[in-house]
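Enquirer: Sequence and computational prediction follow.
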Amino acid sequence: MVAKLMLTDLLIEKLTFDQMVSGVTKTGRPVLSPTPAGKRSWMLRDLGQPGLMMRLTPGTTAYCIRRKFAGSSAIRTLGHSWSANGTSPPMSLDQARKRARRWLSDMDDGKDPLKVRRDNLALTKASRERARITMAVAFDELMMAKKKIPKAGQTKVRDETGKDRRSVAKWMLRSPMWTTPLVELDVSTIKASLDPLIAISQGHATSIPWGPKSVSFGTLNKIYLHSAAAWGRAAKKLKLGDRKEGPFAQWRDETKSNWPEPRVRQTMLDTDTLAGVAWLKALLAFHTRAHDLALISDRPDPRGQGLKPHTSVLVDFYLIVLLWGTRKTETALLEWRSVDFEKRVVYLTADTTKNRTRDTVPLTAWASEILRKRKQMNELWRPDDPNPFVFPSRRHGSPMTNPRGVLLALHEETGLMVNAHDLRRTMATEVGSEHHMQQAAKLLLAGAALHHGGRRSGSTISAVTEQYIQKKAEALRPIYQDREDKLRKLLGLPILEGHARDQGKADDVLSRLRTDPDFKKMVLEILMKG
């Protein structure tokens, strides 16, 4: 029979499993006797709280309650006053009596207190998890989820979007919204973070502790889009609602009238002007100096002033961009395995192009000459360290990353500041205008030469057109060749042999575009579908 007595903290502290309470004296003091051998537990009832009991085992002293529940006698453990392994904080007698009253009341109402407790703990955990996910955490999780991992055999992965996300995380580090839990993030917090950036872009403010050094439409758009994407991804996990109705979307709707206009850059290298030709001649002179074999053999001090072996890589890079009109990144990541001198074609792999599709560039004589010389220079520069990239970095095994020094030197010499995208726009303009094409043909050929996706500009040459233009590279070759000849004439260089046979192809294609109504109609249909 279980003994009943008024429990106290002092009595509980003195209780041991080896000395069992077998009864109570008339004055209410416990009668102790050795615990029978083989007995694994014994219990006491508390007169201070009906239903509260103590259960002692060799390793624990626990509070529990016993009550009829769901048709049978049920015991529920409230907590431990002592545990040999110390897995949980000790519970006092007062805490045990309060919890006993609450749990007994739940059981009288048909609720299982253990289930109620588990549900409450789950809610607390969920609440803490929701509070933990700030914009900074959500943005980090977005970057990790979207991080591009190189595939087998890949030495480099093009990830311009990942680079933009890292910039946004750096810019917004000190903004009010960055440390705000997503469950508390509202339009006012976003306004406090992004409205000052709009003010800076409009010249109404000077500086704030966060954001980029200068704010344009492009930077503001990156900040908004990537932040909204991070919120949307985390909001789905936290069940905060749809991204289209979230605080970022609400803020965007409110700021439509203040949103800065995109600045369309129209600059290019105008080769019909004296300044443009002077820049080209300065680039060519730079190319001659940079390819002096003495730079390879004498090995100048890398910390000194003047030209270094790596300078020739940078100059070759800009000459190729000038001839091809390719993007800066896809050119920098070009590998030798993608250059086919025999077929006179260069392949741009899907992991380097903007629209993630494989593309081709016709390899004309001057470009071929530049690349063959580049291969020799690379081997002379580092004979024991073959680099897969056409334009290698000074860091072994990596592609070139920052060729801006050449442009700055040319700017200082000529007064004309030109960048890689200016050379790309030069290609687009000259390919279209120098043959006086019809507008549709200009879009098709110039767009294809610049490797735009078909759905964006209608430039992809589909299977329908292959009956007229069998290979894209071959169709573009005469266009590239004509432009190459023009550039060499401007620079006072002789026209390289072997181009005459390609000129006939150019005339045939362009003549067909101007005189064949069916061919023109087909081209227009392709552009309309794009």
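Expert: Received it, and whenever you're ready, just let me know what you need. Numbering: from 1, shown residues only.

Enquirer: quick one: low-confidence parts of the stretch 101-250 of the chain?
Expert: 122-131, 149-158, 205 (pLDDT under 70).

Enquirer: Helices of that one, start to end?
Expert: With DSSP state H, counting those that start in this stretch, the ranges of helices along the stretch 101-250 of the chain come out as 113-132, 135-146, 160-171, 187-201, 217-238, 247-254.

Enquirer: Compute the inter-axis angle for the third one and helix 135-146.
Expert: This points to helix 160-171. Orientation note: helix 160-171 sits at an angle of 160 degrees relative to helix 135-146 (axes from the mean of the first three to the mean of the last three C-alpha atoms, to 10 degrees).

Enquirer: nearest to Ser312, of the helices of the stretch 101-250 of the chain?
Expert: Closest to Ser312 of the helices of the stretch 101-250 of the chain is helix 160-171 (C-beta to C-beta; 26.5 Å). Bear in mind the C-beta positions are built from the backbone N, C-alpha and C, glycine included.

Enquirer: From Asp106, how far out is the closest residue to Leu142 other than its chain neighbours?
Expert: Residue nearest to Leu142 in three dimensions, not counting chain neighbours: Ala230, with 4.3 Å by C-beta to C-beta, 6 or more residues apart in numbering. Ala230 sits 41 Å away from Asp106 when distances are taken as C-beta to C-beta, to the nearest Å.

Enquirer: Of the two, give the one with the bigger neighbour count.
Expert: When Ala230 and Asp106 are compared for neighbours, Ala230 comes out ahead with 26 against 19, by other C-beta atoms under 10 Å.

Enquirer: show me the contacts for that one.
Expert: 135, 138-139, 141-142 (C-beta atoms under 8 Å, 6 or more residues apart in numbering).

Enquirer: Let's see that with 6 Å instead.
Expert: Ala230 makes contact with 138-139, 142 under the criterion C-beta atoms under 6 Å, 6 or more residues apart in numbering.

Enquirer: how much space is there between the residue nearest to Leu142 and Leu490?
Expert: 49 Å.

Enquirer: picking that back up, in CSV, list the contacts of Ala230 along with neighbour count.
Expert: CSV is the format used below for those (neighbours: other C-beta atoms under 10 Å):
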residue, neighbour count
Ala138, 24
Phe139, 23
Leu142, 20
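
Enquirer: got TSV for those residues, with distance to Leu114 too?
Expert: As requested, these are arranged in TSV below (distance: C-beta to C-beta, whole Å):
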residue	distance to Leu114
Ala138	34
Phe139	39
Leu142	39
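
Enquirer: which one among those residues gets closest to Ile198?
Expert: Of all the contacts of Ala230, the one with the least separation from Ile198 (C-beta to C-beta) is Phe139, at 20.4 Å.

Enquirer: Do I have it right that Asp385 meets His396?
Expert: Yes. With contact defined as C-beta atoms under 6 Å, Asp385 reaches His396; the gap is 5.5 Å.

Enquirer: Kindly list the longest strand within this structure.
Expert: Across the chain, the longest stretch assigned as strand under DSSP state E is strand 72-83.

Enquirer: which strands and helices sit next to that strand?
Expert: Under the contact definition 3 or more C-beta pairs under 6 Å, 6 or more residues apart in numbering; DSSP states H and E, strand 72-83 sits against strand 60-69.

Enquirer: Just give the strands next to the strand it packs on in its sheet, each with its orientation.
Expert: strand 52-56 (antiparallel), strand 72-83 (antiparallel) (DSSP bridges).

Enquirer: Tell me which of those strands lies nearest to Val215.
Expert: Val215 sits nearest to strand 72-83 of all those, at 57.3 Å, using C-beta to C-beta.

Enquirer: Go through stretch 281-289 and flag the buried ones.
Expert: Using 16 or more other C-beta atoms under 10 Å as the test for burial, stretch 281-289 gives 282-284, 286-287.

Enquirer: now, the most widely separated pair of those residues?
Expert: The largest separation in these, counting by C-beta to C-beta, is between Ala282 and His287 at 9.7 Å.

Enquirer: Between the two, which contacts overlap?
Expert: Common neighbours of Ala282 and His287 (C-beta under 6 Å, 6+ apart) do not exist.

Enquirer: quick revisit: is it possible to export the helices of the stretch 101-250 of the chain to TSV including distance to Glu335?
Expert: Shown next, in TSV, are those (distance: least, C-beta to C-beta, whole Å):
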stretch	distance to Glu335
helix 113-132	43
helix 135-146	25
helix 160-171	18
helix 187-201	39
helix 217-238	29
helix 247-254	40
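
Enquirer: So for Trp324, which of these sits nearest?
Expert: Nearest to Trp324, of all the helices of the stretch 101-250 of the chain, is helix 160-171, at 19.0 Å by C-beta to C-beta.

Enquirer: which residues touch that closest one?
Expert: Residues contacting helix 160-171 (C-beta under 6 Å, 6+ apart): 139, 143, 211-212, 222-223, 226.

Enquirer: Return the distance of it from the chain's centre.
Expert: The chain centroid and the centroid of helix 160-171 are separated by 7 Å under C-alpha atoms, centre = their mean, to the nearest Å.

Enquirer: With only the CA atoms kept, save it in PDB.
Expert: Taking Å, rounded to 0.1, in the frame of the first residue of the first chain, the C-alpha atoms of helix 160-171 are listed here in PDB:
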ATOM      1  CA  GLU A 160      27.000  36.000 -63.000                       C
ATOM      2  CA  THR A 161      23.700  35.800 -61.100                       C
ATOM      3  CA  GLY A 162      25.500  34.300 -58.100                       C
ATOM      4  CA  LYS A 163      28.000  37.200 -58.300                       C
ATOM      5  CA  ASP A 164      25.100  39.600 -58.200                       C
ATOM      6  CA  ARG A 165      23.500  38.000 -55.200                       C
ATOM      7  CA  ARG A 166      26.800  38.200 -53.300                       C
ATOM      8  CA  SER A 167      27.000  41.900 -54.100                       C
ATOM      9  CA  VAL A 168      23.400  42.500 -52.900                       C
ATOM     10  CA  ALA A 169      24.200  40.700 -49.600                       C
ATOM     11  CA  LYS A 170      27.200  42.900 -49.100                       C
ATOM     12  CA  TRP A 171      25.300  46.100 -50.100                       C
END
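
Enquirer: That helix: which residues count as buried?
Expert: Buried-residue list, helix 160-171, by 16+ other C-beta under 10 Å: 164-165, 168-169, 171.

Enquirer: Just want the angle from that helix to helix 217-238.
Expert: Per the same axes, to 10 degrees, the angle that helix 160-171 makes with helix 217-238 is 90 degrees.

Enquirer: Alright, calling it a day.
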